[in-house]
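Asker: Have a look at this prediction, sequence included:
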Number of protein chains: 2
Amino acid sequence: MIKRLDEMVDLVRSAGRKYRIAVAWAHDANTLGALKMAYDLGFADPILIGIPTEISKSAKKAEVDITGLRIVEVGNDSEACAKAVELARSGDADVVMKGLVGTDKLLKAVMDKEKGILPPRAVMTYVCAFELPSYHKLLFMTDPAVIPFPDLDQKVAMANYAIEMANRFGIENPKVALVGPSEKVSRHFENSVEYSVMCKMSERGQIKRCVMDGPLDLFLACDPKSVEIKGIPTPVDGNADILLFPNLESSNPFYKSLMLFGGAELAGMICGPTKPVVVMSRSESEKSKFYCIALSCLMA
Amino acid sequence: MIKRLDEMVDLVRSAGRKYRIAVAWAHDANTLGALKMAYDLGFADPILIGIPTEISKSAKKAEVDITGLRIVEVGNDSEACAKAVELARSGDADVVMKGLVGTDKLLKAVMDKEKGILPPRAVMTYVCAFELPSYHKLLFMTDPAVIPFPDLDQKVAMANYAIEMANRFGIENPKVALVGPSEKVSRHFENSVEYSVMCKMSERGQIKRCVMDGPLDLFLACDPKSVEIKGIPTPVDGNADILLFPNLESSNPFYKSLMLFGGAELAGMICGPTKPVVVMSRSESEKSKFYCIALSCLMA
């Protein structure tokens, strides 16, 4: 069972594979630096898609030696997105990664009905793993980035992606906390109703390989002392592996508070497409991007 | 301008007043310990409401010397709530505080139409101030505890209470960030619409004494580097004093993440009643309860 992101990197390396990573519009230094780290550690084979002179310029500026990295020439960022997705679709790439292009543009190419890599009716969402100084193991969460107001089916899909990810980390039956403002259930709170349904689905084996409970507030999800003081029996028991949030309004500030105030490192990716898609924002660190690359290789 | 909670305590002490704190069902050790600290520092005059023998027993168990603290005898916790509110209503107490009784029960007494202390049509909400190792000043937020889905009028009231609190801390024109998952405005996101209206109200002077912007994500609200990288001009400028959240689902996990993972200390209280009401939960530390007492005295 992996408890730190560096152990995840070791696991990826131990597979002895080189994952081909198609990078759309690979013009930014941060991304190039992260790719180079993965290349040097032997598990990544980056395919840099963009304008070769611009790529070289960025690499030079950031003092990243990109000797040995493949470059595919395209004329603009839309073409770069299409090309990255095309390589993934044809089996010539294992992972799609965003460079210096808007997330919307890349996801549009991913979702394209003719040329994309999102199967019909597949739910596309975001799952990430946090390493926190103040938590004793990795904490997975979904979805801080993609679906504004997921319905029940989408929540079930989100849970399944997160469970699958935790499984790859060697966590056999992850404890899934369905997060709300309190543990109370009421028909006036739609999400508490959906959570109740999900718990019953889990009990019936319609959601597998996990221990699920909710609604739970964050204390009952992650703090055993609170469970004891409040006296509320829950199989999650203040020891959650996965937090599922009701919507973006709820998940996004939580996600960002861990980054800003919790000293978190993270690895995350888009789930749903046939190949992992990495879409870190420009403000993320090189280290975080590197962890995202490693995670996407683990899940490829 | 106060930047730490200990400075707030100093400010309260400098007023040279003794605030009378009516404590409903003062049977728990944590609360007694916090009250004693405030009493010893000379700014609190606690009125312990409950069963005298039980109060003494708790104090003894926790090794808190309550000599000099007033005790008012009642038969049960409902009576204790009613008595605490009665004392506040008649002008014989400056603050109402929850002891070992459910928050719902105390707030019921506070909201009682005949005997309560909540004016007709007043919005009742929760405002708190966080001290965080990773932020350069206090961070106020509202509302992590009371109104599940505040409407526009309630959001405006929440903002006004938080602004008033920041003013008391010597923050003249606090920067108020209206928090959302992103800075994008769309009619499909009701809260982004309400936030737009609030910004215009602030521009028109209908919300005063603040610099307001939203929707903003947490990075744009609290991280100047993100503002620079994203290139989105906002007067909040990554330097927010106050965070206003769209609903409890959003605010509550954020609040609890700061407590669990952000090393936060906090002071908070219920705003809206004619006297401050302190309602810390049983799992809060004695230190946090002490800060809440000091805050309620500052706002009394």
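Answerer: Received, thanks. Residues are numbered from 1 along each chain as shown, chains lettered A, B, ... in the order given.
Asker: Domain map for chain A?
Answerer: Split into domains by automatic domain parsing, chain A comes to A:5-121+A:273-299, A:125-261.
Asker: measure the longest one end to end?
Answerer: Taking Cα to Cα, to the nearest Å, the first and last residues of domain A:5-121+A:273-299 lie 14 Å apart.
Asker: Same question for the shortest one.
Answerer: The first residue of domain A:125-261 is 25 Å away from its last residue (Cα to Cα).
Asker: what comes up buried for the longest helix seen in chain A?
Answerer: The longest helix of chain A (DSSP state H) is helix A:152-168. For helix A:152-168, the neighbour count (16 or more other Cβ atoms under 10 Å in any protein chain shown) marks A:154-163, A:165-166 as buried. For every residue, glycine as well, the C-beta is placed using N, CA and C.
Asker: For chain B, state which of the residues you listed is nearest.
Answerer: residue A:155 (13.4 Å; Cβ to the nearest Cβ).
Asker: what does the stretch 101-250 of chain A put close to chain B?
Answerer: Residues of the stretch 101-250 of chain A that fall close to chain B, judged by Cβ under 8 Å from any Cβ of the partner chain: A:132, A:134-135, A:148, A:179-182, A:188-189, A:191, A:217-219, A:222-223, A:225-226, A:229-230, A:245-250.
Asker: any idea which helix or strand comes after the longest helix of chain A?
Answerer: Using DSSP states H and E, the helix or strand that follows helix A:152-168 in sequence is strand A:175-179.
Asker: quick one on the thing from earlier: so which of the domains of chain A gets nearest residue B:22?
Answerer: Minimum separation from residue B:22 across these (Cβ to Cβ) falls at domain A:125-261, 24.7 Å.
Asker: Is it possible to mark the buried ones in the residues of the stretch 101-250 of chain A next to chain B?
Answerer: Neighbour counting with 16+ other Cβ under 10 Å marks A:132, A:135, A:179-182, A:189, A:191, A:217-219, A:222-223, A:226, A:230, A:245-250 as buried within these.
Asker: Helix, strand, or coil at residue A:269?
Answerer: Following DSSP: H, G, I helix; E, B strand; the rest coil, residue A:269 is assigned to strand.
Asker: so what's it up against?
Answerer: A:126-128, A:276-279, A:292, A:295-296, A:299 (Cβ atoms under 8 Å, 6 or more residues apart in numbering or on different chains).
Asker: Mind listing the residues bridging to it?
Answerer: residue A:127 (DSSP bridges).
Asker: So which of the buried ones among the residues of the stretch 101-250 of chain A next to chain B sit within strands?
Answerer: Members of these lying in strands (criterion: DSSP state E): residue A:179.
Asker: Mind listing what's buried along stretch A:47-62?
Answerer: Quick answer for stretch A:47-62 (16+ other Cβ under 10 Å): A:47-51, A:55, A:58-59, A:62.
Asker: Is any residue of it near chain B?
Answerer: No - using Cβ under 8 Å from any Cβ, stretch A:47-62 stays clear of chain B, coming no nearer than 15.4 Å.
Asker: How about residue A:23, nearest residue that isn't a chain neighbour?
Answerer: Excluding the flanking residues, the one nearest residue A:23 by Cβ to Cβ, 6 or more residues apart in numbering or on different chains is residue A:97, at 4.6 Å.
Asker: Now do the SS call for that neighbour.
Answerer: Secondary structure for residue A:97, judged by three-state DSSP, is strand.
Asker: can you give me the strands in chain A?
Answerer: All strands of chain A, identified by DSSP E, fall at A:19-24, A:44-50, A:70-73, A:95-98, A:125-131, A:139-142, A:175-179, A:211-216, A:242-244, A:265-271, A:277-278.
Asker: Reformat the ones you listed into CSV and put mean pLDDT next to each item.
Answerer: Output for those, formatted as CSV (pLDDT from 0 to 100):
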stretch, mean pLDDT
strand A:19-24, 98
strand A:44-50, 97
strand A:70-73, 97
strand A:95-98, 97
strand A:125-131, 98
strand A:139-142, 98
strand A:175-179, 98
strand A:211-216, 98
strand A:242-244, 98
strand A:265-271, 97
strand A:277-278, 98
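Asker: can I get the ones you listed in TSV with distance to residue B:25?
Answerer: Shown next, in TSV, are these (distance: least, Cβ to Cβ, whole Å):
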stretch	distance to residue B:25
strand A:19-24	61
strand A:44-50	62
strand A:70-73	71
strand A:95-98	56
strand A:125-131	39
strand A:139-142	36
strand A:175-179	31
strand A:211-216	27
strand A:242-244	34
strand A:265-271	43
strand A:277-278	54
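Asker: thinking again about what came up before, among the residues of the stretch 101-250 of chain A next to chain B, which are in helices?
Answerer: Those of these lying in helices (DSSP H): A:191, A:218-219, A:222, A:225-226, A:229-230, A:248-250.
Asker: returning to that earlier point: which helices and strands does the longest helix of chain A pack with?
Answerer: Applying 3 or more Cβ pairs under 8 Å, 6 or more residues apart in numbering or on different chains; DSSP states H and E, we find helix A:152-168 packed against strand A:125-131, strand A:139-142, strand A:175-179, helix A:190-203, strand A:242-244, strand A:265-271, helix A:286-299.
Asker: mind running it again at 7 Å?
Answerer: When contacts are defined as 3 or more Cβ pairs under 7 Å, 6 or more residues apart in numbering or on different chains; DSSP states H and E, helix A:152-168 sits against strand A:125-131, strand A:139-142, helix A:190-203, strand A:242-244, helix A:286-299.
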